[in-house]
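[1] mind folding the following:
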Amino acid sequence: MSRPASEAEARKAIERMIASELGLDITPAARALVDELLRRYGGRIAAVLFYGSCLRTGDAGGMHDFYVIVDRYKDFYGGWALAAANALLPPNVFCVTARSGGLPVVAKVAVMSCVQFARAMHRGSLQTSVWARFCQPAALVYARDPRTAAAIRQALVEAVVTAAFWAVRLGAGPMSERELWTSLFRATYGAELRAERSDRPDAIYGANAKRYDSLTRVALIAAGVQSSSDLQDGNRFAALSAQERRAARRAWQLRRLLGKALSVLRLSKAAFTFEGAVDYICWKIERHSGIAPQLTDWQRRHPILAGPAVAWRLYRQGAFH
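    I've put the predicted structure just below:
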């Protein structure tokens, strides 16, 4: 990738890389799930993004991850209750199943509006989870029209720029590309209540190391934390004062605390809005931590009442970090 001289040129370079990624080939299992989504919801969908571990690895048997982008929640759901829940605490999530090669395949689908999706990518957003996911590779498996596809590309460019902005401010000083990205992913996982192995940031970076290494230079310039001349002189990052770093860490601590609180609220919301939520949560915890939650019939029937005690027990067992 050539060396851009300005933030605008750097953004263009990032957009070109993302445009090439958005057309990534997907497995027949993923395609079957996309087809099922479009069969069910058709014209109510503006775009569908495929991301996460199944995209990275090509694993057809895992839980596929999709984001469905819509114009208006009420039009998508056809009612006010789910629409209000999605607007107040995005995203809503649900499961979709299909068959591929005669075998069942499954996906977790998150729903966000075009407006909320774009806002969540900006560095000032108090929610880190969306831009942290979409500074990673994604495939645009459906877009209603070229204008929608262009809006998605711009949102993903912003995710990469925001990632670079926070990576520098949370770093301890000069870092390699690997250290920059893995430390960022570790921080963003820490801002959620997630059952992930401690080596997940290294696995994410390692799956696309050349991509992240190539993005680093232009992302730093686009984020305004490094000039082209600084990089040509061999300096990794623009100097941040001790005061600036303290301010950044305070701002991140707010996001970390809010992120964990929002994770709890979303899990509670899922009990009402996510069909099969209890089984999905148990599957997710076991898949990522190796610890299988054991629930009584009463706990399954009353997930909100049982949730805090179950979560505390799993935390003590090491399921959450």
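[2] next, count neighbours for the residue nearest to Ser183 when sequence neighbours are not counted.
    Excluding its sequence neighbours, the residue lying closest to Ser183 (Cβ to Cβ, 6 or more residues apart in numbering) is Gly171, at 6.1 Å. Glycine gets a C-beta too; all of them are placed from N, C-alpha and C. Close neighbours of Gly171, defined as other Cβ atoms under 10 Å, add up to 19.
[3] tell me the helix or strand right after the helix or strand of the chain with the lowest mean pLDDT.
    Lowest by mean pLDDT, DSSP states H and E among the helices and strands of the chain is helix 228-232, with a mean of 48. The first helix or strand that comes after helix 228-232 along the chain, using DSSP states H and E, is helix 242-273.
[4] same for that next one, what does it pack against?
    helix 80-88, strand 92-100, helix 146-170, helix 177-190, helix 277-289, helix 303-317 (3 or more Cβ pairs under 8 Å, 6 or more residues apart in numbering; DSSP states H and E).
[5] between those, which one is nearest to Ala207?
    helix 177-190 (11.3 Å; Cβ to Cβ).
[6] find the residue at the geometric middle of the chain.
    A centroid search over the chain (Cα atoms, centre = their mean) returns Arg133, at 2.1 Å, as the residue closest to the centre.
[7] excluding chain neighbours, what is closest to that residue?
    Tyr51 (5.9 Å).
[8] in the strand ranked longest in the chain, which residues are buried?
    Across the chain, the longest stretch assigned as strand under DSSP state E is strand 103-113. Across strand 103-113, burial judged by 16 or more other Cβ atoms under 10 Å covers 105-113.
[9] looking at those, which one is closest to Arg147?
    When these are compared against Arg147 (criterion: Cβ to Cβ), the nearest one is Ser113, at 15.7 Å.
[10] do you know how far the nearest residue to Ile281 once chain neighbours are set aside is from Leu88?
    Nearest residue to Ile281 in three dimensions, chain neighbours excluded: Leu267, at 6.9 Å (Cβ to Cβ, 6+ apart). Between Leu267 and Leu88 the distance is 15 Å, computed by Cβ to Cβ, to the nearest Å.
[11] so those two - more neighbours on which side?
    Neighbours of Leu267 and Leu88, each counted by other Cβ under 10 Å, are more numerous for Leu267; the result is 17 against 9.
[12] what's the spacing between that one and Val93?
    Per Cβ to Cβ, Leu267 is found 10 Å from Val93.
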